[in-house]
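# Next come a sequence and a model predicted from it.
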Amino acid sequence: MDWKREAIDMLKNYPAQRMSLATLPGELERLELERSALRSSLGEGEHVTGGGGEVGDKLLSNIVKRDEIKKNLELAQRRVRMVEKGLSVLDEEERRILELMFIHRGKGNVERLCEELNIENPPGVYKRKDRALRKFTLAMYGVTES
């Protein structure tokens with residue numbers, strides 16, 4: 001397995017994973033409200049057993065969606081914590097390099113790092129990026145390659 005590639009993917013996905021921590025609870029809340037509305041539209045004494053009509057099918061679908069959202073939220077929480085723990089072993093410069101090279105990528109970031117870190121040329125930035133990424137990968141997975 002290419003653990004460096006995994007680490008890079010985790011860094012690149014980190015902003016979206018953090019955003020999902022804000023959006024997924026709202027989606028769960030919406031589904032809970034929908035579930036309440038669906039349950040109140042079931043007749044008294046009616047039970048959802050599958051194939052029990054449109055409302056019953058919608059209620060079962062809602063249950064499945066809520067379960068999936070809960071799993072997605074837990075996974076996102078774990079991934080965000082994992083990246084944050086991996087970043088915590090880096091010094092300020094290493095974190096800044098990984099932030100601009102992977103987390104908040106953008107045109108001109110290498111030149112920006114050269115300027116911010118007083119590095120003469122881009123190859124120096126890439127060399128430090130490789131060291132920071134290696135350290136991050138070791139913190140995340142315990143290895144850098146299989």
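Received it, and whenever you're ready, just let me know what you need.

# only C-alpha atoms for contact and neighbour calcs from this point on.
Will do.

# show me what contacts the most centrally placed residue in the chain?
For the chain, the residue nearest the mean C-alpha position is residue 17 (2.3 Å; CA atoms, centre = their mean). Listed by CA atoms under 8 Å, 6 or more residues apart in numbering, the contact set of residue 17 reads 76, 77, 79, 80.

# burial measure for residue 83, as a count.
Counted with other CA atoms under 10 Å, the neighbours of residue 83 add up to 19.

# Give me the residue ranges of this protein where confidence is low.
Applying pLDDT under 70 to the chain flags residues 41-52, 146.

# how about the helices of it, start to end?
3-41, 54-88, 92-98, 109-117, 122-141 (DSSP state H).

# now the residue lying closest to residue 18 once chain neighbours are set aside: how far from residue 105?
Distances taken as CA to CA, 6 or more residues apart in numbering put residue 80 closest to residue 18, at 6.4 Å, once the chain neighbours are dropped. Residue 80 sits 18 Å away from residue 105 when distances are taken as CA to CA, to the nearest Å.
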